[in-house]
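# the sequence isn't on hand, but the structure is:
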């Protein structure tokens, strides 16, 4: 078992690390904004890439929703399914495309059950991936709110209805 696999199977630890990292970035946000997000991003990006690749097999979509998916990267799904399984999950919980691989959504659901703070976010509808943010730092796009901007042409999709995480209304 790899380090990343072991860590992903302990989502409560990752949830605490996420809360701590979020706290740090929110506190640094005024300074990062003053220095310029685009100037700072080349310094943050390599560290984020390495860390997320090792821990999550991250694909650097620039819109990280790990905390909402049981600390399991939905972009590792062979079909890039961002809102749950495709319907082709085998009876044993494996992927229809990669039969020897556990469906990432089965893993995500199981892991989310062990996340006291963010586990219920599995029920939120996520917006489609904005491919314009690929290979960007998800921490920077979070701070600049680019990760929740709805590109023109996405009819009927609103950042407010999709990402209202403190709501009691689950989609």
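Okay, I see it. Because the structure is a prediction, the values reported are computed rather than measured. Numbering: from 1, shown residues only.
# quick one: residues contacting the residue nearest to the spatial centre of the chain.
Among the residues of the chain, the smallest C-alpha distance to the mean C-alpha position (C-alpha atoms, centre = their mean) belongs to residue 65, namely 2.0 Å. If a contact means C-beta atoms under 8 Å, 6 or more residues apart in numbering, then residue 65 has 74, 82, 126 as its contacts. All C-beta atoms are positioned from the backbone trio N, CA, C, and that covers glycine.
# distance of it from residue 33?
In this structure, residue 65 and residue 33 are 23 Å apart, going by C-beta to C-beta, to the nearest Å.
# then residue 144?
As defined by C-beta to C-beta, residue 144 lies at a distance of 8 Å from residue 33.
# which one of these two is surrounded by more residues?
residue 144 (18 against 12; other C-beta atoms under 10 Å).
# you'd agree the more buried one is up against residue 37?
Yes - under the criterion of C-beta atoms under 8 Å, residue 144 makes contact with residue 37 at 5.5 Å.
# next, show the common contact partners of those two.
Shared contacts of residue 144 and residue 37, defined by C-beta under 8 Å, 6+ apart, are absent.
# show me the shaky parts of the chain.
1, 154-171 (pLDDT under 70).
# quick one, helices of it?
Listed in chain order, the helices of the chain (DSSP state H) span residues 3-8, 11-35, 37-56, 104-112, 138-143, 159-163.
# okay, now residue 96: neighbour count?
15.
# hang on, I meant residue 31
Residue 31 has 9 nearby residues by other C-beta under 10 Å.
# distance of it from residue 130?
If you measure residue 31 against residue 130 using C-beta to C-beta, the figure is 26 Å.
# can you check residue 69 too?
If you go by C-beta to C-beta, the gap between residue 69 and residue 130 works out to 17 Å.
# need the helices of the chain in TSV (columns: distance to residue 89).
Formatted as TSV, the helices of the chain follow (distance: least, C-beta to C-beta, whole Å):
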stretch	distance to residue 89
helix 3-8	19
helix 11-35	20
helix 37-56	20
helix 104-112	6
helix 138-143	27
helix 159-163	24
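# nice, that's everything, thank you.
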